[in-house]
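>>> the sequence and its predicted three-dimensional model are supplied below.
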Amino acid sequence: MITVKKIFQNVFTLIVIVAILVIAASSVYVLEPNEYAAVRQLGKIVRIDDTAGLRFKIPFLQTVQKISGKIIIYDIEESDVITRDKKSMIADNFVLWKVVDPMAYIRTLNAIQGRAEERIDAAVYNALKNTISSMDQDDIIMATGEKLTEKITNAANKDIGQYGIEIVTSQIKMLGIPADNEAAVYERMISERQNIAASYVADGAAEAQVIRNTTDKDAALLKAEAEKEAAILEAEGEEEYLKILQEAYNNPEKAEFYEYMRGLESLKSSLKGSGRKVLVLDKDSELVEILYGN
């Protein structure tokens, strides 16, 4: 038979077990990767935990405030910016940011994400405005996205470092021209590119003309040199030919034969060509003697 004393003992034991479980549950907490934990004691932060796993605290006396250390994406609304040459442009960008100093994040912004993004919004706008205002519109259009991203990100981080947060990157989604002057800008850009192209064509034509002139000059020099060499060779050949003839007809009999052959060659040349040929010769000429076999 269960007595009243036994019942009270069982109830007390159960209460003790429950109390132990509650105390145990209140003395541990789990910290996820990329997460911070600010441990407070009587409202004052006594430590910051950033190691993932099972962590311990003093039950009931200490409380834990968890802060995400993951990268957060924040989309910034479109804004108007003015270039150095006083041209209006529309910028639409977003940022990736994260908490890097949870103590400063809590002290300055009370670890409220909305407040952090308000500071980021202002810092990025100022950085974007200062960057764009230092460049002409044409330079901005021709600039690479990485160059603008680096400038804006570095400038913005200088303004928000005190809040314990960091902008990983500030990317421009769109950097456009207002619709009311878009056509004029494009026409001006086309005209400038055409002028640049015409300049390249003119430079190419001038260079081609220089090459042609140089080539023609070199060709003329080569031709003149070749003609000179040919004339020299021809003169040397004629000289050699005369020497051979002189050696071949160096006696009266050979000379007479040579004159005879010369006469035949002359007669043959006179009868060349189409049509009827008439020769008028002196009766004492060598050709008449040749024709009559004298």
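Looks like it arrived, so ask away.
>>> surely residue 175 meets residue 83?
No: checked against Cβ atoms under 8 Å, the pair residue 175 and residue 83 is beyond contact range at 10.5 Å. Where C-beta positions appear, they are placed from N, C-alpha and C, glycine not excepted.
>>> which neighbours do these two have in common?
89, 140 (Cβ atoms under 8 Å, 6 or more residues apart in numbering).
>>> contact partners for residue 236?
Counting by Cβ under 8 Å, 6+ apart, residue 236 has no contacts.
>>> any idea how far it is from residue 243?
Taking Cβ to Cβ, to the nearest Å as the measure, residue 236 falls 11 Å from residue 243.
>>> show the pLDDT at residue 104.
For residue 104, the model assigns a pLDDT of 92.
>>> for it, which non-adjacent residue is spatially closest?
residue 164 (3.2 Å; Cβ to Cβ, 6 or more residues apart in numbering).
>>> pull the number of nearby residues for residue 238.
Residues lying near residue 238 (other Cβ atoms under 10 Å) number 10.
>>> what about residue 122, which helix or strand?
According to DSSP states H and E, residue 122 maps onto helix 113-133.
>>> in that helix, which residues are buried?
Residues of helix 113-133 classed as buried by neighbour count (16 or more other Cβ atoms under 10 Å): 113, 116-117, 119-121, 123-125, 127-129, 131-132.
>>> so who does residue 32 touch?
Listed by Cβ under 8 Å, 6+ apart, the contact set of residue 32 reads residue 52.
>>> phi and psi next, for it.
Note on residue 32: its backbone torsions stand at phi -80, psi 160 [degrees, to the nearest 10].
>>> domain map for this structure?
4-67, 72-177, 183-248, 249-291 (automatic domain parsing).
>>> what's the mean pLDDT across the longest helix seen in the chain?
Scanning the chain for the helix with the most residues, using DSSP state H, yields helix 179-248. Helix 179-248 carries an average pLDDT of 77.
>>> likewise stretch 148-161?
For stretch 148-161, the mean pLDDT works out to 88.
>>> format the CA atom coordinates belonging to that stretch as PDB.
These are the backbone C-alpha positions of stretch 148-161, laid out as PDB (Å, rounded to 0.1, in the frame of the first residue of the first chain):
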ATOM      1  CA  LEU A 148      33.400  50.700 -60.800                       C
ATOM      2  CA  THR A 149      32.500  47.900 -58.300                       C
ATOM      3  CA  GLU A 150      35.900  48.100 -56.600                       C
ATOM      4  CA  LYS A 151      35.800  51.800 -56.300                       C
ATOM      5  CA  ILE A 152      32.300  51.900 -54.900                       C
ATOM      6  CA  THR A 153      32.800  49.000 -52.500                       C
ATOM      7  CA  ASN A 154      36.100  50.500 -51.000                       C
ATOM      8  CA  ALA A 155      34.600  53.900 -50.600                       C
ATOM      9  CA  ALA A 156      31.400  52.600 -48.900                       C
ATOM     10  CA  ASN A 157      33.300  50.400 -46.500                       C
ATOM     11  CA  LYS A 158      35.200  53.500 -45.200                       C
ATOM     12  CA  ASP A 159      31.900  54.900 -44.000                       C
ATOM     13  CA  ILE A 160      30.400  51.800 -42.300                       C
ATOM     14  CA  GLY A 161      33.400  50.200 -40.700                       C
END
